[in-house]
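[1] how would this look folded up:
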Amino acid sequence: QQATITSLRGGATSLPLLGPLNTLLMEHPFLACFVICGIKGFSADSVAQVTTSSKSFSLKRAFAFALYGGFYLGIGQTILYNQLFPAIFGYETTLLNTAKKVLVDMLVVLPCLTLPVSYLFKSPFYHRTLKQGIQVYIRDVKETGMLQKSWLFWVPIQFFSFTVIPEHLRVPFMTAIGFFYVIFLSSVSSDGEEEKATVVETTINKNSVLPKVPPTKHQTQQSNDNNKTHRKIVCA
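    The predicted structure follows:
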C-alpha cells in the first residue's frame, strides 16, 4: 500500500504542464494558492449564478467568493493543512491517522471555520453585519441540509487527499475538486440571499424596539387640555 501511495505521489509531479506549477507551489506557496483559489472562487460562483439564478449577474457576489477563495481557501488552508495538521497529526498516511484528520476536518474545521468564514466574507457585499451573516449561515444549515451534503462530498475527497496527494499540491487539488463544491455553496445562497438578509434584519429590528417612556406631567396636562378643547368644539 505504501509503495502504491509513493508511486502515485511521484507520478503526480510528472504530469504535463505540472512541472512549472509544481515549482511555483514549492517556492511561493501562499502567492500561488491565493491566485489559484481566487480565480476558482470567482469562476465557480459565476457558473453557479448563470446556471441557477434567475436574477441578473452579481459581480459583487462573485468578487466576494474570489476573496474567500484567495484568502481563506488559498492562504488559510495552506497554513491549516500543510503546517498545522502535520504539527498535530504528523505525516503518517495510515488509515487510523487519516481518519483522525478527516474527522477533525469534517466536525471542527468545516462547520466552525470553512463555512462560517464564507458567509462572513459575503456579508459586507449584502450590507449585512457579521452577526447577520452568521444568522443566515445557521438558517441555511437548518433549512438546506448544507452541512450533511458537504460531508457526503468532502469525506472521500479528504481521505484521498491526506493519503495520496503531495503536501504542496494538496490545496490546489482541493481547489480543483472544490470547484463543484463552490457551485453548490453558491447555489445554496443564491436566489434568496437578499430576502434572507431582509428577514434577519427585520427580526433584529423587531427585537430592538425601544421601550415606551411614560409621559411627563406636563405632557399629560397638555393632552387633557387638548381633549377638553376638542369636546367643546364638538358640543358647539
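
[2] ok, which stretches of this structure are helices?
    Using DSSP state H, the helices of the chain run over 2-12, 18-27, 29-52, 59-67, 77-79, 85-89, 95-104, 115-122, 130-144, 146-163, 167-188, 193-206, 217-235.

[3] what pLDDT, on average, does the first one get?
    Okay, so that is helix 2-12. Mean pLDDT, helix 2-12: 42.

[4] Could you do the fifth one as well?
    Helix 77-79 comes out with an average pLDDT of 94.

[5] buried ones in it?
    Neighbour counts using 16 or more other CB atoms under 10 Å place 77-78 of helix 77-79 among the buried residues. In this view, the C-beta of every residue, glycine as well, is placed from N, C-alpha and C.

[6] Against which helices or strands is that helix packed?
    In this structure, helix 77-79 packs against helix 29-52, helix 167-188, with contacts taken as 3 or more CB pairs under 8 Å, 6 or more residues apart in numbering; DSSP states H and E.

[7] Scan the helices and strands of this structure for the one with the lowest mean pLDDT.
    Within the chain, no helix or strand scores below helix 193-206, which has a mean of 38 by mean pLDDT, DSSP states H and E.

[8] Over stretch 131-140, what's the mean pLDDT, rounded is fine.
    Rounded mean pLDDT across stretch 131-140 is 92.

[9] Next, format the helices and strands packed on helix 77-79 as JSON lines and append distance to residue 62.
    Converted to JSON lines, those look like this (distance: least, CB to CB, whole Å):
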{"stretch": "helix 29-52", "distance to residue 62": "5"}
{"stretch": "helix 167-188", "distance to residue 62": "9"}
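
[10] wait, which of the ones you listed is closest to residue 100?
    helix 167-188 (16.3 Å; CB to CB).

[11] and the closest one with helix 18-27, angle?
    Relative orientation of helix 167-188 and helix 18-27, computed by axes from the mean of the first three to the mean of the last three CA atoms, to 10 degrees: 90 degrees.

[12] in stretch 39-49, what's buried?
    40-49.

[13] hmm, I was thinking of stretch 110-126
    Neighbour-count burial for stretch 110-126 [16+ other CB under 10 Å]: 110-111, 114-123, 125-126.

[14] With just CA atoms, put that stretch into PDB.
    Provided in PDB are the C-alpha atoms of stretch 110-126 (Å, rounded to 0.1, in the frame of the first residue of the first chain):
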ATOM      1  CA  LEU A 110     -15.800  22.600   8.100                       C
ATOM      2  CA  PRO A 111     -18.800  23.700  10.300                       C
ATOM      3  CA  CYS A 112     -16.800  26.100  12.600                       C
ATOM      4  CA  LEU A 113     -14.400  27.700  10.200                       C
ATOM      5  CA  THR A 114     -14.700  27.000   6.500                       C
ATOM      6  CA  LEU A 115     -18.500  27.600   6.100                       C
ATOM      7  CA  PRO A 116     -18.900  30.500   8.600                       C
ATOM      8  CA  VAL A 117     -15.900  32.300   7.000                       C
ATOM      9  CA  SER A 118     -17.600  32.200   3.600                       C
ATOM     10  CA  TYR A 119     -20.700  33.800   5.000                       C
ATOM     11  CA  LEU A 120     -18.700  36.500   6.800                       C
ATOM     12  CA  PHE A 121     -16.800  37.300   3.600                       C
ATOM     13  CA  LYS A 122     -20.100  37.800   1.800                       C
ATOM     14  CA  SER A 123     -21.800  39.900   4.500                       C
ATOM     15  CA  PRO A 124     -20.400  43.300   3.600                       C
ATOM     16  CA  PHE A 125     -21.400  42.800  -0.100                       C
ATOM     17  CA  TYR A 126     -25.000  42.300   1.000                       C
END
